[in-house]
Each structure stands twice: as structure tokens, then as C-alpha cells.
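Novice: how would this look folded up:
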Amino acid sequence: MPVVEPLQPSGAVWWPDHRTVEDANLTRFMRALGVDGFGALNERASADPAGFHEALIRFLDFRFQRPYDQVLDLSEGLPFARWCVGGTTNVVLNCVDRWRGTERYDQPALVWEGEDGAVTTWTFADLDRETCRLAWGLRRLGLGRGDVVGMYLPNLLQAAAAMLAVVKIGGILLPMFSGFGADAIAQRLNDGRAQALITVDGSLRRGKPMGAKIVADEALAHCPGVRHVVVLSHLATEHAWNEDRDHWWHELTAGAPQDCEAVRTEAMPADDPFLLMFTSGTSGKPKGVVHTHCGFPVKTALDLSICMDLKPQDRFLWMSVMGWLVGPILVFGGLQVGATVVLAEGAPNYPQPDRLWRLIERHRVSYLGLAPTVARLSMSLDEAALDALDLSSLRVIVSTGEPWTPEAWNWTFERVGKKKVPLLNYSGGTEVGGILTGTVIHPLKPCAFAGPVPGTGADVVDADGATVAPGVTGELVMRSPSIGLTRGLWHDRERYLDSYWSRLPHLWVHGDFVSRDNDGMWYVHGRSDDTLKIAGKRTGPSEIEALLMGTGLLLDAAAIGVPDPVKGTAVVCVCVPPPGTELDTAGRTLSAAVVAGLGGAFKPARVVFVQDLPRTRTMKVMRRVVRSTWLGDDPGDLSTLLNPASVDAIRAAHAAQHAHSAA
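Specialist: The predicted structure is shown next:
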């Protein structure tokens, strides 16, 4: 059956060749379902979500210890859809156990590189053995089904084993960023009702030994529910020891059986939780997002493997941390497909500014995950040095985190991918995985998405929930039950309903502004709560930031709206210039670029220069923090900030502007 997709959309810069389309996982999936195009696949999924997901599970060969009786139960309504009812499974069954007895079992599962350049490789057999040993040790401590176990580990091979071991025994994994302070750790452990924590004595961060156990101990002084702490010996740092609570990893696992078959994988109800991810809120406590044994892996495989073509032969690198959703996507998603996951300790720009790109060359990475901000920051690298690197192993680049600017997208497509590697946009959230996706069978337009992930029922609607025409910006919603959607917020049913389901009846409101063009391609314009309405005209900050970055004068920029007595809202541009920039001249040029692009109504009230913008550990710019700091409001949860000093710098810039205006 031929696959029918638009061949010549206006503005396309890349087209798949016949072989790429024929070899695509998406093509095989559509043929298995008997549909002739991506649009038809989405229509099929929306019209018959139960049938679509049943076919998806079969196609993925997703495994159960006991088959389910009913694939989808909507008796409690869309917000509380239940999946694979009556079946039992385990994520570990589908990520590790399935490879026993196959050729893949003795091939690389994980390749790790430390900040110091040390490289270690684990096969699937190695990973299975380490997972089983730790699972055996955790069971010795009395941990098991339904117990929440926190993980406070950097990007080490053992972090993957810890994630899998907790899940293997039927526990619920609570990953936390390895740079969190004690308060953030304590809040998540207490809110998660954790009974145990897995951490490390210390690790390197930008070349400096950093103690983790000592920070964990400070947090645990306020966590009476945590009964056990497992400590990995990695980099000796000073810390205390509680004989009644603390256990060295190597001692806990010392007597484990050599035969992995002797350490059972717990058969869990398919829709039971296995993953608890806390996300930052603009106010109040972080929200605990719940993912299940059947939901997360099936949806992640749909996103990564079917839509974005991750294959077993790929080497998969995505510079992130285990405390954000990308970490579990990398580990659970990559291993389920059978790909080799490349883990790197530390940051993408240390010890060399171009470390990310060196990693690709050294480890022959074929499948790269990338945040647009990392690309924006890489644009300042020496062009000759970048061109000297061999990046020819790259087959697919996927990106998520925030909207692209056209300059950064084109730089990545042209300089990194040499106009040959598809750069696929991927957007969604911790609560659901992907909602919009690119594919390798569609032509590419800069910054665009091919369309919705099938099974989400994504739509663009107005304030009343009605579908809007192409070219009109509206709210991103989901109309269909998605198997990957969170089963609620951890012990907070009302907050879940209020946060996502209360604005429009029977619709999941995601909080992004999006639009579609006449070719059916989609665009994300930023968070709907970031949107600027200037003199009655509405735009997203990304449009203004694209104009600022297009001048070539900046390393990064954030556009925010502030109250204005005349316009209602005025634009403030908070910009990061390279060293040596003549700021007065740059400020005038930047302001003029915004006016030229959007009109005089959008002329910035202020162009402010700072050394850096507030970022998450995945390098995403936190515009809500920029705005609230500038206005002197409470910025909400800052525990995920990479660079807290940037907040003080914005306050100082605001004070300097105020003093200058007063003078």
C-alpha cells in the first residue's frame, strides 16, 4: 500500500527520499493498520482509540505476563481513562528481560563517558545483571510493590540500573535532579511518601568534586518516612553515615544470585504506577505526575520509534538528567527499542564548549536529542572547529523543550546536519509525552511539526473550544484518550482536574498556543500564559525573540510582557550579548529589528542586557521567572534552576533601569 503525504509544501527545505520512506517505522505501522497516510492514521486513532491502541500494542510486541481483558475503560471519563485492564506487565519485562536469549543481549545497551573522558560500555547482559543484583538487594531491605523509592543520582551507568531495579521489584521510581539542594529533595521525598533513597557519595560537576550524600543527609533530616538509603561508591567525598539507615550499594548486592532468571520481575497490574515525576509549578508545590507500566512505555515507543524512527541499530544521545522526563524517555524508551543509549556525565559545554558535538563524533551517535537553547548557544562556537568534527554518523535529530527561532533551526539543519539530516520537532509535556511530532516521511519546514502524535486527538481551538481555521493561533488541546497521559497528580485529584480539564469541557488544555498552516503543518508559539497582547494584538514571545536573534548580536533573548498604562502590556527584551558588545548601539539595533518585524506597537519599552537567563537543567529558558523577577513578584518554584545567580542579575538590571529613569 503506498503512503500518501504532501510532496511539495511551500517553504520546505528537506524531502525524504524513497528509501527513507520505505524503511521508516511509521510506514510499516501504517501498512500494518491498512491506512495510506499520516492524516488517515490520526483519523483512525481518533475514531477508534481502543482499536488503535490495541493495534499499537501488537505492533510493538509489548509484553504482558497476563493478557489484559479490556484495552480501554472510560467508565470514569476521559480524565481517568484506564488502560489494559486486567493485564499484568512490567516496564523491565519490555526493556531488559525481552532481550534475553537474543543476539541483542550481548550487544551494547549503554555507553557512558565521564567528564574526564573515561568511557565504559555495558551490554544488555551487563545491565540485566546489575539491575537484578540491586533488585535483589532492595528486596532484602523489605522494599517491593507500591513502595516509592527516590533516586538522587547524576548521569552514571548505575543510574539506569537503579531506575530499572526499583521498577523490577514493583516499586515506584521518583527521580530527582542530581543538583537539587536539600529543600527540594526533602519536599519531593515527603510529597512522594518515599520509603527509600538511592544516591551516590559524590561525582564531578564541571571538574569539581560535588558531594551528594552530604546534601541527601541534610534533606533526610526532614524526611522521617525514608527508612533506607542506598549509597553508590563513585567519588569519595566527605559525608556522615547512619548505620541503621544507610547501605553501601556494593555491600547490599554482594550476595545476589549470578543467574538473572532467579531474580523475578514483579508482575504488576498494567495500569499501576511505576514513575512519579515532579514538575515545577508557577506557584505552590511541584506537581507529582504519575505514569504507569503500560502507559509510559507504549506511548514513548509510539513517539520515539514509530513517529520519529528510532531503530535498534541507533546510538541514541540526549544530553539531559534523570530528574526530568527526558532521562526516563532516554533509558526506558531507548532500551525498549533495543537501541544503544549514550550517557554523558556533566554538561554539553564542559570541559570543552563543543563537548556535545565531540561526543557525537567519538561515539558515532546516529540519533540525537537536542534542546533549541543548546543549539542557540552553540551558534557562537568557532565555525572552523565545528566543521572539522565528523558528524556524518547522524541520521535523525529530534528537538523539544521550547519553540525554535528560525535562525537556530536553520543553523542546526545546515551546519550540523548539512541539510541532509531531518530535524524533527517534538512537543508535549511531562504529563503526556509528545502531542505534536515530526516524522522522517514528511518534508521539513523550519520550526514546523508534521502533525499530532496519533492517539492524542490534538486540535487547535478558540476560547470556546471550537476548532479554528488554518493560520489562526489557538490553544492546543487533546480530544482523545492517550495511553501515555498521566493517570492524575499524586494524591491530588482536584488539582489534576483544575490544572488541565476545567477550562473547556471534555478537553485536555495543554497550555500552548499553536497554529496550522494550509499544508497541514503545525507550529508552537509558546506557552499560552507567556503570550503577549500589545495594543490589542497578540503574539508569542518566540516571534519577538526570533527578530532579536536574527540581528546576530545576541547569544540568547527572552521577551516578556509587563503592565503598561497605555498599551495594557509593553514588551521588555532581556538579552544576553557576547562579550565586548557595545550595548547602547546594540540596544537601538535590537529595538529597531522588533519594530521592523512586527510594527511600532511592539517597540520594546526596555532592552535589558544580562550575562545569562534563568534556565532549567535542560537549558530551557524560564520566561515566567524572567517576568516575575522583573516585576518583583514571587517567581514560584526555583528548585529546577541551573543558574540561580541569573535571577539576582535581572533584579539588579531592573534596579539600574529604575534608577536611570528616576535620574
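
Novice: alpha carbons only for contacts and neighbour counts from here, please
Specialist: Will do.

Novice: any idea which helix or strand carries Q611?
Specialist: Under DSSP states H and E, no helix or strand contains Q611.

Novice: name all residues that make contact with it.
Specialist: The contact partners of Q611, taken as Cα atoms under 8 Å, 6 or more residues apart in numbering, are V576, P577, S646, A649.

Novice: so which of the residues you listed belong to helices?
Specialist: With DSSP state H as the criterion, helices contain S646, A649 from among the contacts of Q611.

Novice: mind jotting down where the helices sit in the stretch 551-663 of the chain?
Specialist: 583-598, 623-631, 645-662 (DSSP state H, counting those that start in this stretch).

Novice: pick the most buried one from the ones you listed.
Specialist: Mean neighbours per residue, mean count of other Cα atoms under 10 Å, is largest over the helices of the stretch 551-663 of the chain for helix 623-631, with a mean of 20.

Novice: now A586: closest residue in space that isn't a chain neighbour?
Specialist: In space, and not counting its chain neighbours, A586 is closest to L553: 7.0 Å by Cα to Cα, 6 or more residues apart in numbering.

Novice: scratch that, P154 is what I was asking about
Specialist: P154 sits nearest to S178 (Cα to Cα, 6+ apart), 5.1 Å away.

Novice: for the one you found, give me its contacts.
Specialist: Y152, L153, P154, A212, V321, M322, G323 are the contacts of S178 under Cα under 8 Å, 6+ apart.

Novice: I figured W318 hits V374, correct?
Specialist: No - using Cα atoms under 8 Å, W318 is not in contact with V374; the gap is 11.3 Å.

Novice: if you count what's nearby, which of those two comes out ahead?
Specialist: Between W318 and V374, counting by other Cα atoms under 10 Å, W318 is the more crowded of the two (24 against 17).

Novice: against A347, how distant is that one?
Specialist: 11 Å (Cα to Cα, to the nearest Å).

Novice: L252 now?
Specialist: 31 Å.

Novice: please apply the same query to V149.
Specialist: Counting by Cα to Cα, the gap from V149 to A347 is 26 Å.

Novice: about what we covered before: which ones are touching the residue nearest to A586?
Specialist: P577, P578, T581, A586.

Novice: can you give me the helices in the stretch 301-450 of the chain?
Specialist: 326-328, 334-337, 355-363, 372-378, 383-388, 406-411.

Novice: show me where pLDDT drops low in the stretch 251-400 of the chain?
Specialist: Applying pLDDT under 70 to the stretch 251-400 of the chain flags residues 280-284.

Novice: try it again at 90.
Specialist: Low-confidence segments of the stretch 251-400 of the chain, defined by pLDDT under 90: 279-286, 319-325, 345-351, 371-374, 376-377, 380, 382-383, 385, 400.

Novice: that older thread, between the helices of the stretch 301-450 of the chain, which gets nearest to E218?
Specialist: helix 326-328 (25.1 Å; Cα to Cα).

Novice: distance between that closest one and the chain's centre?
Specialist: 7 Å (Cα atoms, centre = their mean, to the nearest Å).

Novice: now do the buried residues in that helix.
Specialist: Using 16 or more other Cα atoms under 10 Å as the test for burial, helix 326-328 gives V326, G327, P328.

Novice: hmm, who's touching that helix?
Specialist: W318, S320, V321, M322.

Novice: okay, the residues you listed in TSV with distance to E407 next?
Specialist: Converted to TSV, these look like this (distance: Cα to Cα, whole Å):
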residue	distance to E407
W318	22
S320	23
V321	27
M322	30
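
Novice: in ChimeraX, how would I select the buried members of these?
Specialist: This is how ChimeraX selects the buried members of these, with burial counted by 16+ other Cα under 10 Å:
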select :318,320,321,322
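
Novice: and the contacts of helix 326-328, which is closest to L424?
Specialist: Relative to L424, the closest of the contacts of helix 326-328 is W318; by Cα to Cα it sits at 13.8 Å.

Novice: leaving out chain neighbours, which residue sits closest to the closest one?
Specialist: W318 sits nearest to G369 (Cα to Cα, 6+ apart), 4.3 Å away.

Novice: do A557 as well
Specialist: Excluding its sequence neighbours, the residue lying closest to A557 (Cα to Cα, 6+ apart) is C575, at 4.3 Å.

Novice: check contacts around the one you found.
Specialist: L554, L555, D556, A557, A558, V607, V608, F609, V610, D612, L613 are the contacts of C575 under Cα under 8 Å, 6+ apart.

Novice: now, among those, which is nearest to A165?
Specialist: Looking across these and measuring by Cα to Cα, the closest to A165 is L613, at 37.2 Å.

Novice: pretty sure that closest one contacts V626?
Specialist: Yes - the criterion here is Cα under 8 Å, and L613 meets it with V626 at 7.5 Å.

Novice: hey, what's in contact with both of the two?
Specialist: Common neighbours of L613 and V626, counting by Cα under 8 Å, 6+ apart, are A558, V647.

Novice: now do the contacts for L275.
Specialist: Taking Cα under 8 Å, 6+ apart as the definition, contacts of L275 comprise I172, L173, L174, V290, H291, T292.

Novice: if we can go back for a sec, pull out the buried members of the contacts of L553.
Specialist: Looks like those have P577, A586 buried, using 16+ other Cα under 10 Å.

Novice: lovely, talk soon.
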